[in-house]
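>>> sequence? don't have it. structure:
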């Protein structure tokens, strides 16, 4: 008889917490978020629409994955909202969009270092 390899919700949560930094340094998650925004600032209009579609597909897969863990609620983006955001960003003047995203990244970095 093989031992079960399934982890309980508490064990999964414990392992995830173990992966997080416990120092007073900047938040690595917020830093990566800021990095993504800075990269997005350089994208063209069509790339935003494509990313919106890809993000929608990811959210759908994530919802399906989480459904396999009853009792573990997941906060997801409402259906269609990510694609709509991609289209919205594609419609904004490129230079304005670049300034907004870089400003947003700077604000997140400042918060990450508090």
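Everything's here; your move. Because the structure is a prediction, the values reported are computed rather than measured. Numbering: from 1, shown residues only.

>>> make it CA atoms for all contacts and neighbour counts henceforth
Noted.

>>> list the buried ones in the lowest-mean-pLDDT helix or strand in the chain?
Lowest on mean pLDDT, DSSP states H and E among the helices and strands of the chain sits helix 9-19, with a mean of 73. If you call a residue buried by 16 or more other C-alpha atoms under 10 Å, then helix 9-19 has no buried ones at all.

>>> quick one: contacts of that helix?
Contacts with helix 9-19, where a contact means C-alpha atoms under 8 Å, 6 or more residues apart in numbering, come from residue 72.

>>> hmm, 6 Å instead?
Outside helix 9-19, not one residue touches it by C-alpha atoms under 6 Å, 6 or more residues apart in numbering.

>>> mind checking what helix or strand follows that helix in sequence?
Using DSSP states H and E, the next helix or strand after helix 9-19 towards the C-terminus is helix 28-40.

>>> centre of the chain versus the least confident helix or strand of the chain, how much separation?
19 Å (C-alpha atoms, centre = their mean, to the nearest Å).

>>> need the helices for this structure, in chain order.
Assigned by DSSP state H, the helices in the chain fall at 9-19, 28-40, 45-67, 81-91, 94-112.
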